[in-house]
Each structure stands twice: as C-alpha cells, then as structure tokens.
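Colleague: Need a 3D model of the sequence below.
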Amino acid sequence: MFSRLLANSGRRLISKNSPLCLRVINAQRYSNAAVVTQATNKVAVANAYPAQLKDWENFKMPGAPYDGMGPLPPLEEFDPKMARHYVIPEDWFQFLYPRTGTTGLYTFFATVGTMLVSKEFYIITPDSWYTLTLIAVCVTIAKLAGPSIRNFFEEARTDLFKALENVKAEDVAGLQELVDNIKLEQWRAGAQKLINDAKQVNLAMMLETEYLNRQATVVETIKRQLDYQVAVQKVDTELAHGHMVNWIEKKVMKTITPESQKATLASCIAQLNTMASK
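Modeller: All right, here's what the predicted structure looks like:
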C-alpha cells in the first residue's frame, strides 16, 4: 500500500493528459532496442539523472530574459552513508564522536529515554508495546524488502528518464533534419543565383540576336525596295529609248520620198561605176 501510494504520487508530477506524458508513455512502449541501448549507454550510473543538466553553474539560458533564470541546481543523489538506520543523520554521530566515541549517540538516546521513563515524561502503556512492535516490523521490512523497493523506484525513475531521453533524441533528430533541410535550401538558393545569372546572360544574348535579326530584316527590306526602284527606272529607261528609236525611224521614213530614193540609188550606182573604172 505504501509503495503504491509513493508510485502514484510520483506519477502525478506529469499530467496524464499532457502531450509530453503521452509521448513518454509511447516512447516507453514502442521504443526499439537500439534506442533503448543508446539511452542506456549514456547513463553512467543507474542512480544518476540522465536528463539532468550537469554543468548548471556555467549554463546560460538562451535569450537570457532575466538574471537568475534557471536552471536550478541538480538534486543531490541519495547516499546511504549519510544516514544510519534510514532516519538518523550521520552528522549526529560525527558531532558526538570526539566527545563520546562511536557509541555516543546510542548512549545519548539511552540516557534520554531512561530519563523520560524515570521522570514519567513518557509513560509505558500497552500502546507502547504496539509502537515497539510496529517499529520492529518496519525495521524488518526495511532490512528485507528495502533494497528491492528502492530498486523498483530507481528503475521506474530511470525508465522515465530514458523515455524522456528518447523523446528529446527524437526532437533533436527532427530539428537537426530541419536544420539540414534549411541548409540545403540555402545551398539551392545560392545555386539558383548562378542559374538566374546564366538565364540573364542567355536572355541578353537572345535579345542581341533578335536585334541583329531585325536589323538584317530591315536591311533586306530596304534593299528589295531599292532594287525595285532601280528595276522600275531601268524599265522606264528602256521603254523611253525604244519609243525614241521608233519615233526617229518613223520621222526618217516620212522624210524619205520615192524621188529621193531614186536619186540616191542613181548616185550610188554612179559612184560604184567610177570606183570600178579606176
């Protein structure tokens, strides 16, 4: 009953409806052997706090909202040597050791108890025997089952911290993947700048090519128009020359009469005869 009460009170530290509790429970249930082994290797001592910040004095909270903001100092580990019989501090024995020796505290308790009984400050009744019996039973249970109970709670605490470590490892892995993706996108953005520069160069070359093509088109169009004008002028010149030749021939033919043809023919014959006689 006592151990169940302690277990329930310890589990109330994390709300059952909280997402962290659900993630811890899932990590406890479904974590594979590799993750558990990795988390176990990180635990140097079974009683240590795996998820605890060790160098808390030099740790600085990110952002530092105000001075003195966390983390809190780690809890001290339980040391069986710091107490005797589970409840008596070792410092009491060390305080009386220089004066009364090893049995000093036991002697102190015996004398004080004798004084209380003799002066009837404490009256022995039947309930006193029940109290002594209860103390004897508790001591017996503590001696016999105490280590097992302690190991049970230590294992439960260690499993809880292992689950928290698994959750933290998953979060760290996810964030690391996110950081890697961001770096990849940054690298792609840098490569995209080179691609954009190449596209700008290609676009400038395309514009220059289109400009030269349009210039060539303009030159070709003007050349065709000039060739057309030259051809038109040449045809006009040929037509005018032919018309002039025909007009001259007609005028000449009109001036030649049959009498003039006969006179010209006679003159030619006379010249031929003269040339032949010589």
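
Colleague: same for the helix ranked longest in the chain, what does it pack against?
Modeller: Taking DSSP state H as the criterion, the chain has its longest helix at helix 126-255. Contact here means 3 or more C-beta pairs under 8 Å, 6 or more residues apart in numbering; DSSP states H and E; on that basis helix 126-255 packs against helix 2-11, helix 19-30, helix 33-42. For the C-beta atoms, the positions are set from N, CA and C on the backbone; glycine is no exception.

Colleague: following that helix, which helix or strand comes up?
Modeller: Counting by DSSP states H and E, the next helix or strand C-terminal to helix 126-255 is helix 258-277.

Colleague: who touches that next one?
Modeller: Outside helix 258-277, not one residue touches it by C-beta atoms under 8 Å, 6 or more residues apart in numbering.

Colleague: Extract the C-alpha trace of it and format it as CSV.
Modeller: Provided in CSV are the C-alpha atoms of helix 258-277 (Å, rounded to 0.1, in the frame of the first residue of the first chain):
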residue,chain,number,x,y,z
PRO,A,258,10.4,57.8,-153.9
GLU,A,259,12.2,60.5,-156.0
SER,A,260,14.8,60.9,-153.3
GLN,A,261,15.2,57.2,-153.2
LYS,A,262,15.7,57.0,-157.0
ALA,A,263,18.2,59.9,-156.9
THR,A,264,20.1,58.3,-154.1
LEU,A,265,20.1,55.0,-155.9
ALA,A,266,21.4,56.6,-159.1
SER,A,267,24.1,58.4,-157.2
CYS,A,268,25.2,55.2,-155.5
ILE,A,269,25.4,53.4,-158.9
ALA,A,270,27.5,56.2,-160.4
GLN,A,271,29.9,56.0,-157.5
LEU,A,272,30.2,52.3,-157.9
ASN,A,273,30.9,52.7,-161.6
THR,A,274,33.5,55.3,-161.0
MET,A,275,35.2,53.1,-158.4
ALA,A,276,35.1,50.1,-160.8
SER,A,277,36.8,52.0,-163.7
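
Colleague: Looking at it now, give me its mean pLDDT.
Modeller: When pLDDT is averaged over helix 258-277, the result is 80.

Colleague: try stretch 95-104
Modeller: On average, stretch 95-104 scores 83.

Colleague: contacts for it?
Modeller: By C-beta under 8 Å, 6+ apart, stretch 95-104 touches 93, 105, 107-108.

Colleague: Ranking by neighbours, what's the top pick from those residues?
Modeller: Compared across the contacts of stretch 95-104, Leu105 has the highest neighbour count, 19 neighbours, by other C-beta atoms under 10 Å.

Colleague: That one: which element?
Modeller: For Leu105, the enclosing helix or strand under DSSP H and E is helix 104-118.

Colleague: now that helix, how far from the chain's geometric center?
Modeller: Distance, stretch centre to chain centre, for helix 104-118: 70 Å (C-alpha atoms, centre = their mean, to the nearest Å).

Colleague: One more: stretch 240-247?
Modeller: Centroid separation between stretch 240-247 and its chain, computed with C-alpha atoms, centre = their mean, is 94 Å.

Colleague: Also stretch 127-144?
Modeller: 61 Å.

Colleague: what does stretch 269-278 give?
Modeller: 124 Å.

Colleague: what's the distance between Ala83 and Leu178?
Modeller: Using C-beta to C-beta, to the nearest Å, Ala83 is found at 48 Å from Leu178.

Colleague: out of the two, which sits in the more crowded spot?
Modeller: Between Ala83 and Leu178, counted using other C-beta under 10 Å, Ala83 has the larger neighbour count: 15 against 10.

Colleague: got the contact list for the more buried one?
Modeller: 89-90.

Colleague: Okay, now the unreliable bits of the stretch 1-150 of the chain?
Modeller: The stretch 1-150 of the chain contains residues with pLDDT under 70 at 1-78.

Colleague: Pull the number of nearby residues for Thr125.
Modeller: By other C-beta under 10 Å, neighbour count at Thr125 equals 9.

Colleague: before we move on, what about His241?
Modeller: Neighbours around His241, by other C-beta under 10 Å: 10.

Colleague: Then the one 3 residues further on?
Modeller: Each residue near Met244 was counted by other C-beta under 10 Å, and the total is 10.
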